[in-house]
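Asks: Need coordinates for the following:
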Amino acid sequence: MAFDKTPFEDLGRKLNNEIGEATQKLEQEGEKLITYLNDEVVPAIRGNSSKALRVAAEKLSQLANYMEHKTSK
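Replies: This is a model prediction of the structure:
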């Protein structure tokens, strides 16, 4: 008994096309995500990191002044 391979071949082609389209869509969305991270998230993190370092530097300066003041008495 011979099986007709045409329905399976059609299904295979259809799945291949759908997987190809899904892969392309994922690649496009991945590129958008990378662009968003580079353009929006990374600069915000850098800005907040700089601010945090400035605050820490100010607090360390205050601590140094306090320690100098305590040791000079």
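Asks: Run through this structure and note the low-pLDDT ranges.
Replies: For the chain, applying pLDDT under 70 flags the ranges 1-5, 73.
Asks: in it, which residue is closest to the centre?
Replies: Within the chain, the residue whose C-alpha comes closest to the C-alpha centroid is Leu37; the distance, by CA atoms, centre = their mean, is 5.2 Å.
Asks: Give me the distance between that one and Ser61.
Replies: Between Leu37 and Ser61 the computed distance is 34 Å (CB to CB, to the nearest Å). Every C-beta, even on glycine, is put in place using the N, C-alpha and C of the backbone.
Asks: How about Arg13?
Replies: Separation of Arg13 from Ser61 (CB to CB): 70 Å.
Asks: Could you do Thr6 as well?
Replies: For Thr6 relative to Ser61 (CB to CB), the value is 80 Å.
Asks: just Ile34 next, same as before
Replies: Using CB to CB, we find Ile34 at a distance of 39 Å from Ser61.
Asks: quick one, helices of this structure?
Replies: Across the chain, reading from the start of the chain, the helices by DSSP state H fall at 6-36, 42-71.
Asks: How far does the longest one sit from its chain's centre?
Replies: The gap between where helix 6-36 is centred and where its chain is centred comes out at 23 Å by CA atoms, centre = their mean, to the nearest Å.
Asks: Just the buried positions in that helix, please.
Replies: By 16 or more other CB atoms under 10 Å, helix 6-36 has no buried positions at all.
Asks: That helix versus helix 42-71: what angle between them?
Replies: Angle, helix 6-36 to helix 42-71, by axes from the mean of the first three to the mean of the last three CA atoms, to 10 degrees: 40 degrees.
Asks: Before I go, just wanted to say thanks for your time.
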